[in-house]
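> Please find the sequence and the predicted model below.
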Amino acid sequence: MSVSKINGVSLSSINRRDGVRMGSDVANVNGVTVPAAFSNTKSLFTDGVDDYFDIDLTSDIFDKDNGTISTWVKVDSSNTASKWFLEAWDDSNNTKGRIAIQYFNTSGSTVFALNGQYQDQVGSTNPTRFCGAKTRSSHHGKPWNRIASDYGAFGSLSDTMYNANAMKGNWHHVVLTWNTSESYTDPTDSTSYTGTMKLYFDGTIVNFGQGAYVGNGSTATAVGLNGIPSTTVFDKLRIGARFNGNNDMDALFDEVAVYSTDLSASEISAIYNSGAPNDLSSLSTSTNLVGWWRFEDNTDDSSSNSNSGALTNGATYNSSVPS
């Protein structure tokens, strides 16, 4: 049954009906379930100087063993050093574990890695597990590296790491998943490891597995995931900067979402929706949606957890959105 008006009043003009708020999902009006139209008109803007979007989590929404972070991002050309798209951590002690997505400068101002980070060694000040986007599926499973000459475009025949500098100026969809029980095999030596990170770019997987941290000019060794201790409570999520407020990113962000399970390739493809953000509340994965920040001129969390954020140091909204 399709409903466009109630008692002669257009649904688009109704905010509440019989005490029920007409939200982004559905409302029940006089016994009729009425879908609210999904509209994406705004994004978050951080200028790369000192501003970001901070979320104080009233409860830890992150499953450290199985999870997913999804974000749309448009990187500005002004970013010429390592930056953080977003990061989650325990604010009482950031060395107890962190999960992040990073725009990593490996050499000069034009060679960047797109990395997922999972810090599972308590007491470490640096991230300990890196999953970097690769140029071809034949390179998947190989650990990341910091050798600038190995960086090229997606589809390159010889290069192994994707040069994320090509992300600048356009909207892209980036997803990081983690599963501490799933195994993967390093194709360089056929060794299997327990615990897998996966990185997706515009709906397509661009790597699985991870490497340990290495210095500039080196290739990492493949590793598993030890898992972040259950005593670690993620009570902070920051978008547009690192946990310490540094490495601020000049970028636009939209439809940032957190899931309490590691989504499948087909589920991530549905979120990507051929380049136009989908209504996450309408997908089968909505049952695992634990955080969703849409930036529609508000700081609201559109999941059931209602962890609203805060525009910090001048972060604001922008009318540019992926479409």
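Received, thanks.
> Tell me how far Asn145 lies from Asp279.
38 Å (Cβ to Cβ, to the nearest Å). Backbone N, C-alpha and C define where each C-beta goes, glycine included.
> which ones are touching Ala241?
Under the criterion of Cβ atoms under 8 Å, 6 or more residues apart in numbering, the contact partners of Ala241 comprise Thr46, Asp51, Tyr52, Trp84, Glu87, Asn247, Asp248, Met249.
> Check what pLDDT the nearest residue to it once chain neighbours are set aside gets.
Sequence neighbours aside, Tyr52 is the residue nearest to Ala241 in space, at 3.9 Å (criterion: Cβ to Cβ, 6 or more residues apart in numbering). Tyr52 is assigned 98 on the pLDDT scale.
> residues contacting Tyr52?
Taking Cβ under 8 Å, 6+ apart as the definition, contacts of Tyr52 comprise Thr46, Arg238, Ile239, Gly240, Ala241, Gly245, Asp248, Thr312, Asn313, Ala315.
> Could you find the lowest-pLDDT member of those residues?
Where pLDDT dips furthest among those: Gly245, at 90.
> check contacts around Phe112.
By Cβ under 8 Å, 6+ apart, the residues touching Phe112 are Tyr103, Phe104, Asn105, Thr106, Tyr151, Asn163, Ala164, Asn165, Met167.
> my guess is the last one contacts Asp76, does it?
No. Checked against Cβ atoms under 8 Å, the pair Met167 and Asp76 is beyond contact range at 10.2 Å.
> Compare Asn145 and Asp279 (neighbour count), which wins?
Under the neighbour definition other Cβ atoms under 10 Å, Asn145 and Asp279 were set side by side, and Asn145 has more, 21 against 18.
> quick one, what contacts that one?
Residues near Asn145 by Cβ under 8 Å, 6+ apart: Gly132, Thr160, Met161, Gly211, Val214, Ser218, Thr219, Ala220.
> same thing but at 10 Å, please
With contact taken as Cβ atoms under 10 Å, 6 or more residues apart in numbering, Asn145 is in contact with 106, 113, 130, 132, 151, 160-161, 211, 214, 216-220.
> same question, Tyr272
Listed by Cβ under 10 Å, 6+ apart, the contact set of Tyr272 reads Ser70, Trp72, His172, His173, Val175, Tyr200, Phe201, Asp202, Gly203, Thr204, Asn278, Pro322.
> Which members of the contacts of Asn145 are classed as buried?
Burial of the contacts of Asn145 was assessed by neighbour count (16 or more other Cβ atoms under 10 Å); the buried members are Thr106, Ala113, Phe130, Gly132, Tyr151, Thr160, Met161, Gly211, Val214, Thr219, Ala220.
> Can you give me the end-to-end span of stretch 240-251?
The first residue of stretch 240-251 is 7 Å away from its last residue (Cα to Cα, to the nearest Å).
> Just list the residues touching Gln121, thanks.
Contacts for Gln121 were tallied using Cβ under 10 Å, 6+ apart; they are Thr95, Gly97, Pro127, Thr128, Arg129, Ala212, Tyr213, Asn226, Ile228.
> Pull out the buried members of these.
So, of the contacts of Gln121, Gly97, Pro127, Thr128, Arg129, Tyr213, Ile228 end up buried under the neighbour-count rule (16+ other Cβ under 10 Å).
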